[in-house]
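# what would the 3D arrangement of this be:
(chains A and B)
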Number of protein chains: 2
Amino acid sequence: MPRDSADSTFIDALSQRFPADMFARAEQSYLEEPRGRWQGAQGFVARPRDTAEVSALVQACSDAGVGIVPYGGGTGLVGGQIAPDGAPETPLILSLERMTRIRDVFPQENVLIAEAGVILANIQTAARDVDRLFPLSLASEGSARIGGLLSTNAGGVNVLRYGNTRDLCLGLEAVMPDGSIWHGLKRLRKDNTGYDLRNLLIGAEGTLGIITAASLKLYPRPAAIGTAVFVIRDAEAALELLSLAKSQLGESISAFELMHKTGLDFLSETLPDVRKPFGDHHPEWMILTDIGLPKGLDPQSALEDLFVAAEAEGIATDAVIAQSEAQRTEFWSVREHIPEANRRIGAVSSHDVSVPLGALPAFIARVRQAIAQVGDFRINCFGHVGDGNLHFNVFPPSGQSRDSYLAETKAIKRLVHDIAHELGGTFSAEHGIGRAKTADLARYGDPTKLAAMRAIKNALDPKGIMNPGAVLP
Amino acid sequence: MPRDSADSTFIDALSQRFPADMFARAEQSYLEEPRGRWQGAQGFVARPRDTAEVSALVQACSDAGVGIVPYGGGTGLVGGQIAPDGAPETPLILSLERMTRIRDVFPQENVLIAEAGVILANIQTAARDVDRLFPLSLASEGSARIGGLLSTNAGGVNVLRYGNTRDLCLGLEAVMPDGSIWHGLKRLRKDNTGYDLRNLLIGAEGTLGIITAASLKLYPRPAAIGTAVFVIRDAEAALELLSLAKSQLGESISAFELMHKTGLDFLSETLPDVRKPFGDHHPEWMILTDIGLPKGLDPQSALEDLFVAAEAEGIATDAVIAQSEAQRTEFWSVREHIPEANRRIGAVSSHDVSVPLGALPAFIARVRQAIAQVGDFRINCFGHVGDGNLHFNVFPPSGQSRDSYLAETKAIKRLVHDIAHELGGTFSAEHGIGRAKTADLARYGDPTKLAAMRAIKNALDPKGIMNPGAVLP
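Numbering: from 1, shown residues only, chains lettered A, B, ... in the order given. So this is what the prediction gives:
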């Protein structure tokens, strides 16, 4: 653990060695997280402009035994970017926000090299500019930065087809806990030369080093895209529709999202301007799907064929297929506003679970039943069902406030995570551990894996300065 | 490093605790590698039947400070599976050959769980039996075992579309160097709960633990498959054809292999029964490609369209498109027999390099020129060009034997690897480090990455018993 704070004496000393505008008192924006659950410790932020400065900063912190909290876009949902008030030593917040250069684009190789501070939407645009696709897509793409997305191995809506963030990365440049720089910005599809340091840093949430740049995979843009919302028989039918879609469309399904009536009800209540696919009628269970097809295939008719077959097999009862780009955007707007509607309603407990696909129906049924025994809660179960990943969020009864039910939060969280674990699933599918889920990791983590993680942490960061308190407190 | 040998005293003591047939003197098959380059140390082999036995064996070796060489199918090309004669302590060979159970198949989830000793071809068959595809495919698939394929992160011909072996793995069960078992056989597409131990063990070549089972990704089988051989203008045209194919076919290109006239000449000389696509005419440069399309598209016409466009742009001058499954097999037989023809001719130096795609033409031209200055060698440059991975093999002049030129091997290897490195490439694309390339790793490896690797090795295997001498000697 760190032995000293990034206090004004430390910052004054550093200010002699670095450009004058490198350091500032951390404003409120660095000290709060999207759901307002923690207040960060008052302290300083450093904003280096290049990798050499990051290296020198880390070395200075290492020498002084001062902790570092790497800071990207600040959109993480488990507190990995917030050093909470009350820790014995105040760490330095190291923000990558000034390292926003796209260093290179290689369209022929389908590779783009970006610094850690580039905002995801800007990478998507740079890819589109050379007629390519960078498929990572999630609600916070307008502010999340690629360094943080890699450090947390972010998921999003296109994982089904393109994988998690780690699957989109070919190489890294990173500063290790002693300040040394790993020059690993390879553009190679194959490179079997030693341990996979890249995947070790990806998803380590800044506890093993600081990612400063990455070489990223681009993809051909599908020749044609189609979007539809299917009304399905029940939750189990989601899997049947996925199987049917896979058999008809192979790997062309880019996104496959579950939505529930409760989500649409919440939208009507809190964000009535969001247009919903079936107007005032809110079906119990729906699937929002995107398909991307090669030249020669028509997404409209592919989605029609899928519905005809799904209806014949009793899987789906209704569907709307987007007739225009505007309608596609409208369908997706529903999905993307559900988290905001949830926030406005106020959850008693939110979850980011995944289970093996085959266990999804059992999971939903068992959790609903178990929660019903705790109380009369509303449940909004939605998300990346094609990946087995659900955001299973629990809300107070209609007309009541979450504040009256916070005593139940712990018990609900426990039962949801217990059931996911029993079914071979996980308590954190895409959000990570951060500081919010360290107790869950200790409870559900495999002891052998935890021991290996601790050994690796001690080996690479013996002073414990990298994001202290996160992942392995 | 190990402090004791797996000698008969040690084996006698273990024999009291384990089933009678667990141990045997290692026959010759465990002591040689496919190219006959090393002779292994005489010693003992242990053949456990399950993970508990692997765990107990590893613990016993850890207690005694005896080294372990994990052994899969023995097909590795860099000596990772062979403890060479002459090491101070003789390690125990731990063969996974009895752990051949496919534990489970989940067709709806596209997941298969196999023990480490399952032969790749048997996994392919098990997948086909449930109408799925396990896409890993390489020449040694009839004998290579999945534990070894994972430990070496094997490549093969379908990496372009489906990735390396690591990309096909969802979870692992493994025995760590202290004998503890990591139960990580998850079937989840998303699981962000701590450091990526899975990818750390994959590609570690048995130096950090022993993989005992894996959950593997299956894929839908493409609705229709097509195969063709294109005659291309020159080496540079390979990339142009790849770009064109990607723009026409998106991600439907499964394999994209370069072949050179020299390979066909070698086939005529050593394996005249192998039928070649253009008969006695051996074009200078060819591309063998496989495409797999979703329902509604015809591979025959897709390949015709590709050729028409490629011819119009001066990229390709001729092509044959397989008209039957038999002809597909025939085309692939040419590609698959090239390594055997190479062996019969006898290479002065073989290489497994990759470079960024855009640097391929420069690489081929520079290496040819540099080798011409060393002597009048024949070059067979072939392989997975779609991944930037070439097997660039150098042979003596016609009618002469490799034995007369072995003095040049070191210089040739160095110049090939130097040029690959200068162009941002690697000296080991898919074969790994093993014991053959440890000096290359020390020479070309990034110092920060090497330091991290050593720290991780010491942290997880403090006694240095796991595959001693491999990767980090």
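# just the helices in the stretch 51-200 of chain A please.
A:51-64, A:120-129, A:146-151, A:159-162, A:197-201 (DSSP state H, counting those that start in this stretch).
# just those helices: most buried one?
helix A:146-151 (a mean of 30; mean count of other CB atoms under 10 Å in any protein chain shown). In this view, the C-beta of every residue, glycine as well, is placed from N, C-alpha and C.
# which other helices and strands does that helix contact?
strand A:68-71, strand A:111-115, helix A:120-129, strand A:210-217 (3 or more CB pairs under 8 Å, 6 or more residues apart in numbering or on different chains; DSSP states H and E).
# got these as CSV, with mean pLDDT and distance to chain B columns?
Listed next are the helices and strands packed on helix A:146-151 as CSV, based on pLDDT from 0 to 100; distance: least, CB to the nearest CB, whole Å:
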stretch, mean pLDDT, distance to chain B
strand A:68-71, 98, 16
strand A:111-115, 98, 7
helix A:120-129, 98, 14
strand A:210-217, 98, 9
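# format the ones you listed as CSV; extra columns: distance to A:Val54.
Formatted as CSV, the helices and strands packed on helix A:146-151 follow (distance: least, CB to CB, whole Å):
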stretch, distance to A:Val54
strand A:68-71, 9
strand A:111-115, 10
helix A:120-129, 20
strand A:210-217, 5
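# what segments of the stretch 201-350 of chain A are helices?
A:235-249, A:261-270, A:299-312, A:325-345.
# following element in sequence after the longest one, please.
I take that to be helix A:325-345. strand A:352-354 (DSSP states H and E).
# looks like A:Leu172 contacts A:Ile210 (just checking).
No. Contact criterion CB atoms under 8 Å: A:Leu172 and A:Ile210 do not qualify, at 10.3 Å.
# circling back: which one of the helices of the stretch 201-350 of chain A is the most hemmed in?
By mean count of other CB under 10 Å, the helices of the stretch 201-350 of chain A have helix A:235-249 as the most buried, with a mean of 20.
# can you give me the distance of A:Leu472 to A:Met1?
Using CB to CB, to the nearest Å, we find A:Leu472 at a distance of 11 Å from A:Met1.
# between those two, tell me which one has more neighbours.
Neighbours were counted for A:Leu472 and for A:Met1 using other CB atoms under 10 Å in any protein chain shown; A:Leu472 has more, 23 against 13.
# count the neighbours of the residue nearest to that one when sequence neighbours are not counted for me.
Using CB to CB, 6 or more residues apart in numbering or on different chains and skipping the chain neighbours, the partner closest in space to A:Leu472 is A:Lys457 (5.5 Å). Number of residues near A:Lys457 (other CB under 10 Å) recorded here: 20.
# got a list of what A:Lys457 touches?
Taking CB atoms under 8 Å, 6 or more residues apart in numbering or on different chains as the criterion, A:Lys457 is in contact with A:Thr207, A:Leu208, A:Gly464, A:Leu472, B:Tyr195.
# so is it in a helix, a strand, or just coil?
Following DSSP: H, G, I helix; E, B strand; the rest coil, we place A:Lys457 in the helix state.
# hang on, isn't A:Met453 packed against B:Thr193?
No. In this structure, A:Met453 is not within contact of B:Thr193 by CB under 8 Å, at 9.9 Å.
# please list the residues of the stretch 251-400 of chain A that sit near chain B.
A:251-252, A:293-297, A:302, A:354-358, A:384, A:387-389 (CB under 8 Å from any CB of the partner chain).
# any idea how far the closest residue to A:His282 other than its chain neighbours is from A:Val334?
Nearest non-adjacent residue to A:His282, counting by CB to CB, 6+ apart: A:Leu264, 4.0 Å away. Using CB to CB, we find A:Leu264 at a distance of 7 Å from A:Val334.
# do the same with A:Ser350
Look at A:Ser350 and A:Val334: by CB to CB, they are 19 Å apart.
# burial measure for A:Glu422, as a count.
For A:Glu422, the neighbour count with other CB under 10 Å is 13.
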